[in-house]
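**Q** here is the input, now give the coordinates:
(chains A and B)
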Amino acid sequence: KAGVTQTPRYLIKTRGQQVTLSCSPISGHRSVSWYQQTPGQGLQFLFEYFSETQRNKGNFPGRFSGRQFSNSRSEMNVSTLELGDSALYLCASSYRGYNEQFFGPGTRLTVL
Amino acid sequence: KQEVTQIPAALSVPEGENLVLNCSFTDSAIYNLQWFRQDPGKGLTSLLLIQSSQREQTSGRLNASLDKSSGRSTLYIAASQPGDSATYLCAVSYSGAGSYQLTFGKGTKLSVIP
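**A** The predicted structure is shown next:
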């Protein structure tokens, strides 16, 4: 069965721009979570979606937003990019959220 | 606020040695605990999931234990191989606002020397 896929794998943007990242969960999984990984802060929770509803959001500014579609695919958007947004963005899927989490390969975002 | 600590931050062992990685968490009200490995620049690979009602899980050369009351988990790797070299991350899942987010430790970077 196919794993979690994320596109694009790499992105280079400049400060002030906006970016959209995409995540396709494992077939049948309805929960999608997003995490930011940086060398200094490690892995931090951004938000979780279940059946097109955001169930929880981490401690990130409003520039970070997301959504989930009826086929469980999810997108996250970062507006007005800052240098500190450079990170590996990871998406995880699970059947209902409390089950085993499976991660995608990540999107490496570099902000210049 | 849940905090997860992993000790040591880095570990170097000769091939064939058995080793233990440690994980501790501050709030015992967890739903489950998951161990992952991460290779440089890659995503996370799930190794083992332990439900809060379980004491241990085994998969091949890996064995993970959970002591929820003391807030500790260990990952035991038997007969280590160079291919085991990676960063190992521990994460606890807890229910907050109807969602099950993971809180991660900073990881243990393991190097297995041939």
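**Q** SS state for whichever residue of chain A sits closest to chain B?
**A** Using Cβ to the nearest Cβ, the single residue of chain A nearest to chain B is A:N56, 3.2 Å away. From N, CA and C alone the C-beta is placed, and that goes for glycine too. Secondary structure, DSSP: H, G, I helix; E, B strand; the rest coil: A:N56 is strand.
**Q** beta partners of it?
**A** A:E48 (DSSP bridges).
**Q** now A:R67
**A** For A:R67, the beta-bridge partners are A:E75 (DSSP bridges).
**Q** might one say that it is in contact with A:F47?
**A** No - using Cβ atoms under 8 Å, A:R67 makes no contact with A:F47, being 9.8 Å away.
**Q** list residues touching both of the two?
**A** Common contact partners of A:R67 and A:F47 (Cβ atoms under 8 Å, 6 or more residues apart in numbering or on different chains): A:Q54.
**Q** these two: who's more crowded?
**A** Neighbours were counted for A:R67 and for A:F47 using other Cβ atoms under 10 Å in any protein chain shown; A:F47 has more, 23 against 15.
**Q** that one contacts A:T53, doesn't it?
**A** No - with contacts counted by Cβ under 8 Å, A:F47 stays clear of A:T53, the gap being 10.8 Å.
**Q** okay, now A:S27: neighbour count?
**A** By other Cβ under 10 Å, 10 other residues sit near A:S27.
**Q** surely it and A:A2 touch.
**A** Yes - A:S27 lies in contact with A:A2 (Cβ under 8 Å); the separation is 6.9 Å.
**Q** now stretch B:3-15: average pLDDT?
**A** Stretch B:3-15 carries an average pLDDT of 96.
**Q** beta-bridge partners for the residue nearest the centre of chain A, please?
**A** For chain A, A:W34 is the residue whose C-alpha lies nearest the centre (Cα atoms, centre = their mean; 3.5 Å). Beta bridges link A:W34 to A:F47, A:C91 when assigned by DSSP bridges.
**Q** thinking it is in contact with A:M76, fair?
**A** Yes - at 5.1 Å, A:W34 counts as touching A:M76 under the criterion of Cβ under 8 Å.
**Q** which neighbours do these two have in common?
**A** A:23, A:46-47, A:66, A:89, A:91.
**Q** include pLDDT when you put these into a markdown table, please.
**A** Supplementary listing: those in a markdown table, determined by pLDDT from 0 to 100:
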| residue | pLDDT |
| --- | --- |
| A:C23 | 98 |
| A:L46 | 96 |
| A:F47 | 93 |
| A:G66 | 97 |
| A:Y89 | 98 |
| A:C91 | 97 |
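**Q** can you put the residues you listed in JSON lines and add distance to B:Y88?
**A** Output for the shared contacts of A:W34 and A:M76, formatted as JSON lines (distance: Cβ to Cβ, whole Å):
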{"residue": "A:C23", "distance to B:Y88": "24"}
{"residue": "A:L46", "distance to B:Y88": "23"}
{"residue": "A:F47", "distance to B:Y88": "26"}
{"residue": "A:G66", "distance to B:Y88": "28"}
{"residue": "A:Y89", "distance to B:Y88": "21"}
{"residue": "A:C91", "distance to B:Y88": "21"}
